[in-house]
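K.L.:
fold the stuff below for me.
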Amino acid sequence: MSDTNRFKRLRFWWRYLRRNTPWDTNRTPPEIVALAERLPVGTALDLGCGTGTNVIYLAGRGWRALGVDFAPNAIAMARRKARRAGVEAFAQFYVADVTRLAWLEASVYAPFTFAMDIGCLHALSAEEQRAYVAQLARLTAPEATYALYAHQRRHQSEFAFTPEYVRALFAPHFALLSAAEGVDSSSGYRSAWYELRRSAR
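P.N.:
Below is the predicted model:
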């Protein structure tokens, strides 16, 4: 593990410990609610799931949902929340690096019919982003839906998550269906919701 990744993990661990997590609203975004209402119930993967709010929401609607995050204290909180909500039979949580998920190919939930990422991908390096996309393609079913929320330009970031960048990054595995641009309420960064569809093969 690089020093940068080690520092990143420690920083998130510390912020979850201090409850200094403005991104963790404990509310499922309306964009995910709308997709869950539109899509047939299936299996879902939340990449960078934090304390599991969206996995628990989907599990409560009958989905078999799985979340991964590299912050162990966030995952511990997610498991407690799932038990309190009575959905632990439908919600699984793992401490894992979102760029190293080959082991998930053996999961009974895979291939996933729906995947989401709310604020994780935009924090990865270019190499990590490419690895992420390649494995996401292996983990999702043909024509699966993928929802991505990303800051279009983070402070001092070399990446601008514009529709053009997202389309190029995910090609040829996913097609960009829509982009809804706005401003992130917790950071003030320009941001966007993207909906993509896995290719049919």
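
K.L.:
pull the longest strand from this protein.
P.N.:
strand 140-151 (DSSP state E).

K.L.:
other SSEs contacting that strand?
P.N.:
helix 30-38, strand 112-118, helix 163-170, strand 190-198 (3 or more C-beta pairs under 8 Å, 6 or more residues apart in numbering; DSSP states H and E). Every residue, glycine included, has its C-beta placed from N, CA and C.

K.L.:
thought residue 97 was touching residue 70?
P.N.:
Yes: with contact defined as C-beta atoms under 8 Å, residue 97 counts as touching residue 70 (5.6 Å).

K.L.:
quick one: which of those two has more around it?
P.N.:
residue 70 (19 against 15; other C-beta atoms under 10 Å).

K.L.:
can you pull the pLDDT of the more buried one?
P.N.:
Per-residue pLDDT puts residue 70 at 88.

K.L.:
and stretch 124-144, how far out from the chain middle?
P.N.:
Counting by C-alpha atoms, centre = their mean, to the nearest Å, stretch 124-144 is centred 11 Å from the centre of its parent chain.

K.L.:
so for that stretch, mean pLDDT?
P.N.:
Averaged across stretch 124-144, the pLDDT comes to 95.

K.L.:
still on that earlier bit, run me through the strand neighbours of the longest strand of the chain, direction for each.
P.N.:
Here strand 140-151 is paired, per DSSP bridges, with strand 112-118 (parallel), strand 190-198 (antiparallel).

K.L.:
with just CA atoms, put the first one into CSV.
P.N.:
By that I understand strand 112-118. Below are the C-alpha coordinates for strand 112-118, written out as CSV (Å, rounded to 0.1, in the frame of the first residue of the first chain):
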residue,chain,number,x,y,z
PHE,A,112,-24.9,-7.3,-9.7
THR,A,113,-27.9,-5.8,-11.5
PHE,A,114,-27.4,-2.4,-9.9
ALA,A,115,-24.2,-0.6,-8.7
MET,A,116,-23.7,2.8,-7.2
ASP,A,117,-20.9,5.1,-6.1
ILE,A,118,-21.6,8.2,-4.1
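
K.L.:
quick one: that strand to helix 30-38, angle?
P.N.:
Strand 112-118 runs at 170 degrees relative to helix 30-38, counting by axes from the mean of the first three to the mean of the last three C-alpha atoms, to 10 degrees.

K.L.:
that older thread, can I get the helices and strands packed on strand 140-151 in TSV including mean pLDDT?
P.N.:
TSV is the format used below for the helices and strands packed on strand 140-151 (pLDDT from 0 to 100):
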stretch	mean pLDDT
helix 30-38	96
strand 112-118	97
helix 163-170	95
strand 190-198	94
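
K.L.:
tell me which stretches of this protein form helices.
P.N.:
3-17, 30-38, 53-60, 72-85, 126-139, 163-170 (DSSP state H).

K.L.:
of these, which stretch is the most buried?
P.N.:
Of those, the one with the most neighbours on average (mean count of other C-beta atoms under 10 Å) is helix 53-60, at a mean of 24.
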